[in-house]
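1. here you go, sequence then predicted model.
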Amino acid sequence: MVRNIFNNQKGVSLVELLVAMSVFTIMMLSATGIFQYIIEGQRSALAAQNTQESLRYVMEIFAKQIRSAERDLTGVCNNVPDADVFATDGNELNFKYVNSLDESECLKYYLNGETLMVDKYDVASGIPYSAAVTPDKIRVTSLRFIAVDNALSQPRVTINLDAEAIGKQMHKQSLKLQTTISSRLYD
């Protein structure tokens, strides 16, 4: 009886075992590759989203301050010609800004390497201040200002900005922004 049980059992041949292992290996490699591709796609999407959010914040700061710009009739801002709202050479933007506390500040926006910077000079206290506007994970590759400040139209600034997320080459997300912001100053 015991001998009968051993004779009726069939085993797996070596060829069948190799085929099964090969099919399993191919399926696992395919699944791993697809999973890795999805993860890389998600990382690229997150990099793009972070770049957009960071630049949206920068543009909100620009908009708030440019809309509150006023003519420098007193000449306190050295880089702004008397009676002008904005001064630019294309690479930097200078203007007098009135903050929420109704205090005047002289502002200068410029590109320092690959970081957007702002220099502030508080007119009342005489204290200068310099800070980065863009976060460390954002690289600004190009920045250009075009200011229109004449008697025929409302003062406005056009900002052209190219930026990208810092990281692996495959996760870099370049973004080009152009916006025009008008001052609320009505003459």
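-> Looks like it came in fine.
2. use CA for all of it now, contacts and neighbours both
-> OK.
3. let me know the pLDDT of Asn4.
-> pLDDT for Asn4: 60.
4. now the residue nearest the centre of the chain, what's its secondary structure?
-> By Cα atoms, centre = their mean, the mean C-alpha position of the chain lies nearest to Thr51, the distance being 3.4 Å. Judged by DSSP: H, G, I helix; E, B strand; the rest coil, the three-state class of Thr51 is helix.
5. ditto for Lys176
-> Criterion first, three-state DSSP; result for Lys176: strand.
6. so it touches Leu161, yeah?
-> Yes - if you go by Cα atoms under 8 Å, Lys176 and Leu161 touch, sitting 5.8 Å apart.
7. these two: which has the busier surroundings?
-> Shown here are Lys176 and Leu161; by other Cα atoms under 10 Å, Leu161 has more neighbours (19 against 13).
8. contacts only, for the nearest residue to that one once chain neighbours are set aside.
-> If the residues on either side of it in the chain are set aside, Leu161 comes closest to Leu143, at 4.6 Å by Cα to Cα, 6 or more residues apart in numbering. Residues near Leu143 by Cα atoms under 8 Å, 6 or more residues apart in numbering: 91, 110-111, 159-162.
9. out of those residues, which sit inside strands?
-> Members of the contacts of Leu143 lying in strands (criterion: DSSP state E): 110-111, 159-162.
10. most surrounded residue in those residues?
-> Greatest neighbour count in the ones in strands among the contacts of Leu143, by other Cα under 10 Å, goes to Tyr110: 21 neighbours.
11. show me what contacts that residue?
-> Applying Cα under 8 Å, 6+ apart, we find Tyr110 in contact with 91-93, 116-118, 143.
12. cutoff 7 Å now
-> 91-93, 116-118 (Cα atoms under 7 Å, 6 or more residues apart in numbering).
13. what packs against the helix or strand harbouring Val23?
-> Using DSSP states H and E, Val23 sits in helix 14-67. Helix 14-67 is packed against strand 156-165, strand 174-182, with contacts defined by 3 or more Cα pairs under 7 Å, 6 or more residues apart in numbering; DSSP states H and E.
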